[in-house]
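In: Let me see the structure of the following:
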Amino acid sequence: MRSNIKYDTKDLWTKDKEHVLHAWSNLQTVREKGSLVVAEADGIYVWDSDGNKMIDGPAGMWCINIGYGRGEMADAIAEQARRMPYFSPFHQMTSPPTAELGAKIAELTPGDLNEVFFTTGGSTAVDSAIRFVWSYHRYTGNKNKKHIISRLDSYHGSTYLTASICGKMTDRSPYFDYITDKDFIHHLPSPYPYRRPEGTSLEEFCDEKVADLENKILELGPENVACFIAEPILASGGVIVPPPGYHKRTLEICRKYDVIYISDEVVTAFGRLGHFFASEPVYDIVPDIITCAKGLTSGYMPLGALIISERLFGAVAGAQAKDSVFANGFTYSGHPVAAAAGLKNIEIMEREKICEHVREVGPYFMERLESLYDLPMVGEVRGSHLMGCVECVANRKTKERFKLELGIGPRIDMHCQKNGLIVRPFEHFCVLSPPLVITKEEIDEMVRILREGMEATMNDLRREGLWDG
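Out: Residues are numbered from 1 along each chain as shown. As a prediction, this is how the structure comes out:
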């Protein structure tokens with residue numbers, strides 16, 4: 001519930017604007033525009049410092065899965081902080097919640113993915129996965145296996161290594177030198193069904209995307225390829241859902257050429273697609289490695305994890321291993337307070353059957369989003385369960401994109417915020433991934449406000465002479 005605290009919005013806004021640098025800030029306008037001061041939250045709603053109530057459409061950053069305001073989460077965090085807030089994870093030391101959470105995650109993962117390495121978030125989980133893969137190949141005598149295959153439109157993190165693995169080219173700064181294809185990172189064409197060539201069936205498109213992977217492995221030489229990394233759904237790239245069968249077939253290609261398959265479930269794990277992990281129940285695959293974060297603690301504490309199969313781990317650990325060291329770690333690996341939050345988060349999800357709830361309301365969410373097809377700027381509605389995107393286009397027949405400078409997504413988000421909804425805007429996309437506890441009635445409210453925001457944006461564009469749709 002909301003508190004009775006009175007906030008000085010102007011003071012907070014000024015301090016933040018003058019002293020805090022935020023992610024993806026436009027440095028030309030950062031000292032002028034400032035930020036929205038979000039002060040409180042409960043359930044699926046947040047309030048700004050002036051008391052305006054809004055549905056949190058993106059669930060923070062795809063992560064507030066159990067919703068805001070969970071008192072028992074705050075109690076679990078506080079209890080662990082009082083008992084022992086921190087201790088070093090190095091030198092073979094652990095804490096009770098860290099050990100318990102590792103075992104619980106192993107219980108929830110598919111197949112033989114039983115070895116858990118804790119990190120500080122999704123970026124460091126993916127970074128650590130690559131470091132493990134390289135260590136594994138070198139230790140097992142395949143020192144040339146260092147090339148990484150990713151995909152355009154993918155997102156895998158913001159460390160130097162993971163930012164280079166990302167395939168969202170519009171995210172790339174012209175002032176930063178990324179690792180490129182000429183080095184050891186390679187990007188396949190995006191498995192983006194809506195943008196497939198005209199006249200190509202979904203089945204033919206899937207064949208083509210699977211062939212892209214095999215052809216790239218053969219081009220580089222299987223003896224040189226370390227891994228293929230794939231989000232089940234390309235989240236930040238616009239909630240791109242690959243064609244049916246794609247994941248299983250790409251895993252088969254990796255098995256054929258001894259290439260490690262990493263499933264990046266930082267967004268899709270912990271209920272977003274109706275299961276704790278989507279790889280096996282949704283896509284019928286058991287990858288070699290899974291990375292996760294976000295929903296692991298529902299955003300209440302920063303925590304990520306890399307989960308390794310026994311098939312891989314057993315080859316580099318145990319009695320037969322000689323001089324084998326995983327040279328990677330973080331000050332806050334397996335942080336006991338974060339681990340306590342993770343345990344309580346999973347307990348709540350299991351007790352309240354939140355995954356089952358997602359499987360129930362997810363189809364309704366997608367159905368309601370599809371009701372927006374009557375708006376002429378809606379090109380495609382796509383997604384799965386509580387992970388959706390509306391792609392706006394200038395011409396629905398030709399699928400022509402709006403010009404980037406029009407800022408279609410941010411325009412829609414601006415109108416939606418005025419009416420009580422925060423949207424995740426990206427170029428001409430409107431992404432929604434609400435807290436998993438959302439009800440059908442709240443879904444109706446969310447889609448109603450989105451419709452109003454899109455209608456207002458269309459009217460603005462027509463009035464400004466920027467669109468005649």
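In: Can you name the element that comes right after the helix or strand of the chain with the lowest mean pLDDT?
Out: Ranked by mean pLDDT, DSSP states H and E, the helix or strand of the chain with the weakest confidence is helix 30-33, at a mean of 82. As assigned by DSSP states H and E, the chain's next helix or strand after helix 30-33 is strand 38-42.
In: So in that sheet, which strands flank that next one, and in what orientation?
Out: Here strand 38-42 is paired, per DSSP bridges, with strand 45-48 (antiparallel).
In: Can I get the next helix or strand after the strand it pairs with in PDB? Just the C-alpha atoms.
Out: Remark: after strand 45-48, the chain's next helix or strand is strand 53-56, criterion DSSP H and E. Output of strand 53-56 as PDB, limited to C-alpha atoms (Å, rounded to 0.1, in the frame of the first residue of the first chain):
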ATOM      1  CA  LYS A  53      -0.800   6.100 -10.500                       C
ATOM      2  CA  MET A  54       0.400   4.000 -13.500                       C
ATOM      3  CA  ILE A  55       0.300   0.300 -14.500                       C
ATOM      4  CA  ASP A  56       3.900  -0.900 -14.800                       C
END
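In: Run me through the strand neighbours of strand 53-56, direction for each.
Out: When DSSP bridges is applied, strand 53-56 pairs with strand 45-48 (antiparallel), strand 421-422 (parallel).
In: Please work out which of those is packed deepest.
Out: Most buried of these, by mean neighbour count (mean count of other C-beta atoms under 10 Å): strand 421-422, with a mean of 24. All C-beta atoms are positioned from the backbone trio N, CA, C, and that covers glycine.
In: what ranges do the helices span in the stretch 301-450 of the chain?
Out: For the stretch 301-450 of the chain, the helices defined by DSSP state H, counting those that start in this stretch cover 310-316, 336-351, 354-370, 408-419, 440-463.
In: Highest mean neighbour count out of those helices?
Out: Comparing these by mean neighbour count (mean count of other C-beta under 10 Å), helix 336-351 comes out on top with a mean of 23.
In: in stretch 26-46, what's buried?
Out: Judged by neighbour count using 16 or more other C-beta atoms under 10 Å, the buried positions of stretch 26-46 are G34, L36, V37, A39, E40, A41, G43, I44, Y45, V46.
In: In space, what's closest to M61 - neighbours in sequence excluded?
Out: Spatial nearest neighbour of M61, chain neighbours left out: K294 (6.7 Å); criterion: C-beta to C-beta, 6 or more residues apart in numbering.
In: is it true that that neighbour touches I66?
Out: No - using C-beta atoms under 8 Å, K294 makes no contact with I66, being 11.9 Å away.
In: what residue lies at the spatial centre of the protein?
Out: For the chain, the residue sitting closest to the mean C-alpha position, by C-alpha atoms, centre = their mean, is V267 at 3.2 Å.
In: a strand runs through that one, doesn't it?
Out: No - per DSSP: H, G, I helix; E, B strand; the rest coil, V267 lies outside any strand segment and is coil.
In: And it, how far from I233?
Out: To I233, V267 is 7 Å away according to C-beta to C-beta, to the nearest Å.
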